[in-house]
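# Make a model of this:
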Amino acid sequence: MALEKHDLADMFKGWFIGNFEPSLYKTNDVEVGVKSYTAGEYEASHHHKIATEFTVIISGEVEMSGEKYGAGAIIKIEPNTSTDFRALTDTTTIVVKVPGASNDKYVDSL
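Residues are numbered from 1 along each chain as shown. Predicted structure coming up:
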């Protein structure tokens with residue numbers, strides 16, 4: 001069995017496991033990604049109807065639903081729970097969604 005080297009920069013928005021192209025392991029069972037944000041980046045409030053999302057703050061500080069989280073925090077977001085996301089500093093996260101569910105991101109109405 002050989003080792004394979006891949007580059008995160010070649011993956012779809014940092015997602016490297018899941019139903020993405022390209023993907024190192026194509027599956028609908030789980031999605032895994034390493035996401036990098038620059039200070040000030042913002043994602044509008046949204047929710048997932050199927051997936052539970054786990055966001056691990058590797059470095060930096062973020063604000064989600066009005067709460068601040070720093071390195072080491074793990075945020076579990078159950079289905080149908082809405083949150084926004086703002087990078088307060090340059091930030092790196094690991095995100096895991098179970099199950100991997102294509103087209104399961106719903107932007108909340110204002």
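# List the contacts of residue 45.
Contact analysis of residue 45 by C-beta atoms under 8 Å, 6 or more residues apart in numbering lists 82, 83, 84, 107, 108. Glycine gets a C-beta too; all of them are placed from N, C-alpha and C.
# Tell me the one of those residues nearest residue 70?
Residue 70 lies nearest to residue 83 out of the contacts of residue 45, by C-beta to C-beta, at 16.5 Å.
# low-confidence ranges in this protein?
Applying pLDDT under 70 to the chain picks out residues 110.
# Just the element for the spatially most central residue of it, please.
Central residue of the chain (C-alpha atoms, centre = their mean): residue 95, 3.6 Å from the mean position. In this structure, residue 95 sits in strand 91-98 according to DSSP states H and E.
# helices or strands next to that strand in the packing?
strand 31-37, strand 52-59, strand 61-64 (3 or more C-beta pairs under 8 Å, 6 or more residues apart in numbering; DSSP states H and E).
# if we go to 7 Å?
Under the contact definition 3 or more C-beta pairs under 7 Å, 6 or more residues apart in numbering; DSSP states H and E, strand 91-98 sits against strand 31-37, strand 52-59.
# Report how many residues lie close to residue 59.
Neighbour count of residue 59, defined by other C-beta atoms under 10 Å: 13.
# Cool, thanks, talk later.
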